[in-house]
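Undergrad: Got a predicted model here, sequence first, then my questions.
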Amino acid sequence: MKVLGIVGPADSGKTRLTERLARALDGRVATVKHLTHAPDIDTTGKDTARHRAAGAETTYGLTDEGGWFATGETRTLDGTLAALAPDYEYALVEGYSDAQLPQVELGGRTGDGETLLEAADAAAVDIGELKTHIEATEPFETLGSLVARVKASSDGDRAGAIATFTGRVRAKDDPGDTLTERLDFEKYDAVANERLRTIRRDLESRDGVFEVRLHHRTGAIEAGEDIVFVVVLAGHRAEAFTAVEDGIDRLKDEVPIFKKEVTVTDDYWVDADG
């Protein structure tokens, strides 16, 4: 899923730009808006408010058409994007200036993410140019989104196994170790992406292996967060397990990814094979 942040002051037309992009993008689009106040769907007298008064911690409202809302949940932006990723090609995120996302910046507002485009307001944005920038960004992927993609394979009716590997940021190796706060990853995009495609083609050429997905995140990844995923759809578990193991080994050996470890006391570049 490609994600774009849209940031700017209140009079910059963030919502208008979100609307223009939602109409222009080719694929399923989800939107996320940063609210400065709680929505008024759980007010006194409403059924969901009565449920919560009776002791329910979380309540959902569902419609026959698939619409929904929830109250009582603490939703983060990352958690919301993770929930959207399996089902959408694009997510437009309005108003999160401090999010580490590819961003279009309106009205002089500076965000914390990578700047794709700057404009005075929504009307000054060339949608074609912005779409080109969006397509060049790294996708937002989760284990769930990758599993959903392999399940959609045309060979799914012959597949009896899905095997996965998830690599995470270790806070420490041993109890007495200095705590790792985060890892910073960089890669040579063109070379790295071509080598990932080569590994995928090689694995999918094996008998009994139908679909393979590999994804390595870049940027700052906090302790406990996921770094890398390998997902394999295969006829049987033996082919699936072998392909997953070979996939992560080849990714670490062949893909140029560079890792800086940031601990509570120091930071240093290390081999990205730990």
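TA: Received it, and whenever you're ready, just let me know what you need. Given the structure is predicted, the values throughout are model-derived calculations rather than measurements.

Undergrad: and residue 36, that one's in a helix?
TA: No. Assessed by DSSP: H, G, I helix; E, B strand; the rest coil, residue 36 does not belong to a helix; its assignment is coil.

Undergrad: Could you give the number of residues near it?
TA: 6 (other CB atoms under 10 Å). For glycine as for every other residue, the C-beta is placed from the backbone atoms N, C-alpha and C.

Undergrad: how close does it sit to residue 95?
TA: 8 Å (CB to CB, to the nearest Å).

Undergrad: ok, now residue 139?
TA: 22 Å.

Undergrad: can you check residue 254 too?
TA: For residue 254, the distance to residue 95 - CB to CB - is 40 Å.

Undergrad: Please say which of these two ends up with more neighbours.
TA: The neighbour count for residue 254 versus residue 95, taken as other CB under 10 Å, is higher for residue 95 (20 against 14).

Undergrad: was I right about that one contacting residue 9?
TA: No. Residue 95 is beyond contact range of residue 9, at 10.4 Å (criterion: CB atoms under 8 Å).

Undergrad: which residues touch the strand or helix carrying residue 81?
TA: Assigned by DSSP states H and E, residue 81 belongs to helix 77-84. With contact meaning CB atoms under 8 Å, 6 or more residues apart in numbering, helix 77-84 is reached by 1, 3, 30, 32, 91, 93, 96, 99, 140, 142, 144-145.

Undergrad: next helix or strand past it?
TA: Taking DSSP H and E, what comes next after helix 77-84 is strand 90-94.

Undergrad: any residues touching that next one, and which ones?
TA: With CB under 8 Å, 6+ apart as the criterion, strand 90-94 contacts 1-6, 14-15, 18, 21-22, 25, 27-34, 77, 81, 84-85, 99, 101, 134, 140.

Undergrad: Tell me the strands beside that strand, with direction?
TA: strand 2-7 (parallel), strand 29-33 (parallel) (DSSP bridges).

Undergrad: Any idea which of those strands gets closest to residue 167?
TA: Nearest of those to residue 167, taken as CB to CB: strand 2-7 at 21.4 Å.

Undergrad: now the closest one and helix 77-84, what's the angle there?
TA: Interaxial angle, strand 2-7 versus helix 77-84 (axes from the mean of the first three to the mean of the last three CA atoms, to 10 degrees): 140 degrees.

Undergrad: got the CA positions of strand 2-7 in CSV?
TA: Coordinates of each C-alpha in strand 2-7 appear next as CSV, following Å, rounded to 0.1, in the frame of the first residue of the first chain:
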residue,chain,number,x,y,z
LYS,A,2,1.3,3.4,-0.9
VAL,A,3,0.9,6.0,1.8
LEU,A,4,0.9,9.8,1.4
GLY,A,5,0.7,12.4,4.2
ILE,A,6,-1.0,15.7,3.4
VAL,A,7,0.0,18.5,5.8
